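# Got a sequence here, can you build the structure:
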Amino acid sequence: MRRKIWAALAVFSVFTFTSCALLQGRFSEFTPDISLKEVNLRGFDFEGADLEYIYTIRNKVGFGITFNKLAFQISVDGKRMVDLQNDKNVVIKANDSTNFTIVQRVRYVETVEAIFDFAKKDSVNIGLTGAVGIYINDLVGSINVPIEASKVVPVPKLPQVHFGSLDFERMNMANPLNPQATFSLKFNVRNPNPFAMKIPKIEYDFTAAGTRVINGVKNDQQLAAQADSTVTIPVNLSGRNVIELAPKLRDLKTTDYRFTSAVEFAVMEQTVSLPFYYPK
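Numbers count the residues shown, from 1 in each chain. Below you'll find the predicted structure:
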């Protein structure tokens, strides 16, 4: 009796496997060819990248089929960041082809704090996996065709501030009780990215010989793509201590000094402050 049961189960398994294989083979006749045409990077910034995926669907059968569903996930270096599903209603005529496009904004990271570690990378791999739902007819129903794509995307770099110089301009000793000296503080702000950016606020502070020479804020600095901008701040000193301080400022090689700066910019609707120091 036990042998008969095992034999029956074996026959049933073979039948089931054969039926599924035949059914799958049958469905393959109706399955359209879906190929990746191109992936375009439309733009990127500190928060994420704008990607465009273009696919081609080729209907191989002699009657119309319907592209009725699209589901996909997008990951950044293996970490899932996007998970979407959309209903569609695109009829593809008999033996015809059509393109469909996925345009998606992809965030690099989930938190503002992660931006700083992320910016240390040179590039990331943004991958897409998903399935296209195709309605064949009432008899066959709908089938899912897998899709995938990947794109290596450059990582945006944080702006940089570098100390330039403190240049002596002139000295006025007309009033011995109130001598005056004028210097120019120069520092460089660099945008290493292929897109323009706006720096809402740059703070600066310069001390030398134990004295705070100047501090202040530079607002709304516009930086062109991959460009350097030199910021010049006039430094006007007055008072009797100028007589002692001015010579030291004119020779920073033998004077202890410190330049500090902080660049503020917006990421994910939050303000990020990036500090700089010189000498480090």
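# Low-confidence ranges, the stretch 51-200 of the chain, go.
Applying pLDDT under 70 to the stretch 51-200 of the chain flags no residue at all.
# Where do the strands of it begin and end?
65-76, 79-92, 97-107, 123-137, 141-154, 160-172, 180-191, 197-208 (DSSP state E, counting those that start in this stretch).
# So which other helices or strands are in contact with the fifth one?
Meaning strand 141-154. Secondary-structure packing of strand 141-154 (3 or more Cβ pairs under 8 Å, 6 or more residues apart in numbering; DSSP states H and E): strand 33-44, strand 48-58, strand 65-76, strand 123-137. In short, each C-beta sits where N, CA and C put it, glycine included.
# Note down every partner strand of it and its orientation.
Strand pairing for strand 141-154, determined by DSSP bridges: strand 123-137 (antiparallel).
# Let me see the contact set for Leu274.
Going by Cβ atoms under 8 Å, 6 or more residues apart in numbering, Leu274 touches 158-159, 262-265.
# One more pass at 7 Å, please.
Contacts for Leu274 (Cβ atoms under 7 Å, 6 or more residues apart in numbering) come out as 158-159, 262-263.
# repeat for Asp33
Neighbouring residues of Asp33 by Cβ under 7 Å, 6+ apart: 58, 60.
# on that earlier part again, what's the closest of the strands of the stretch 51-200 of the chain to Thr230?
Nearest of the strands of the stretch 51-200 of the chain to Thr230, taken as Cβ to Cβ: strand 180-191 at 5.5 Å.
# hang on, the earlier thing: nearest to Tyr277, out of the strands of the stretch 51-200 of the chain?
strand 160-172 (9.0 Å).
# Just the buried positions in that closest one, please.
161, 163-164, 166, 168, 171 (16 or more other Cβ atoms under 10 Å).
# which of the contacts of Leu274 lies closest to Glu203?
Distance to Glu203, by Cβ to Cβ, is smallest for Ala262 among the contacts of Leu274, at 4.4 Å.
# about what we covered before: need the strands of the stretch 51-200 of the chain in JSON lines with distance to Glu47, can you?
Converted to JSON lines, the strands of the stretch 51-200 of the chain look like this (distance: least, Cβ to Cβ, whole Å):
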{"stretch": "strand 65-76", "distance to Glu47": "12"}
{"stretch": "strand 79-92", "distance to Glu47": "12"}
{"stretch": "strand 97-107", "distance to Glu47": "6"}
{"stretch": "strand 123-137", "distance to Glu47": "13"}
{"stretch": "strand 141-154", "distance to Glu47": "13"}
{"stretch": "strand 160-172", "distance to Glu47": "19"}
{"stretch": "strand 180-191", "distance to Glu47": "16"}
{"stretch": "strand 197-208", "distance to Glu47": "12"}
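# Which one of those strands lies nearest to Glu52?
Among those, strand 97-107 sits nearest to Glu52 (Cβ to Cβ), with 5.1 Å.
# picking that back up, quick one: the helices and strands packed on strand 141-154 as CSV, columns for distance to Ala196 too.
Shown next, in CSV, are those (distance: least, Cβ to Cβ, whole Å):
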stretch, distance to Ala196
strand 33-44, 11
strand 48-58, 16
strand 65-76, 24
strand 123-137, 21
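# Nearest to Ile243 among the ones you listed would be which one?
Short answer: strand 33-44, nearest of the helices and strands packed on strand 141-154 by Cβ to Cβ, at 53.8 Å.
# for that closest one, what is the average pLDDT?
Averaged over strand 33-44, pLDDT sits at 92.
# Per-residue confidence, Glu47, what does it come out as?
84.
# likewise Ser28?
For Ser28, pLDDT reads 70.
# Also Thr16?
We have a pLDDT of 41 for Thr16.
# re earlier: of all the helices and strands packed on strand 141-154, which lies closest to Gly216?
strand 33-44 (32.5 Å).
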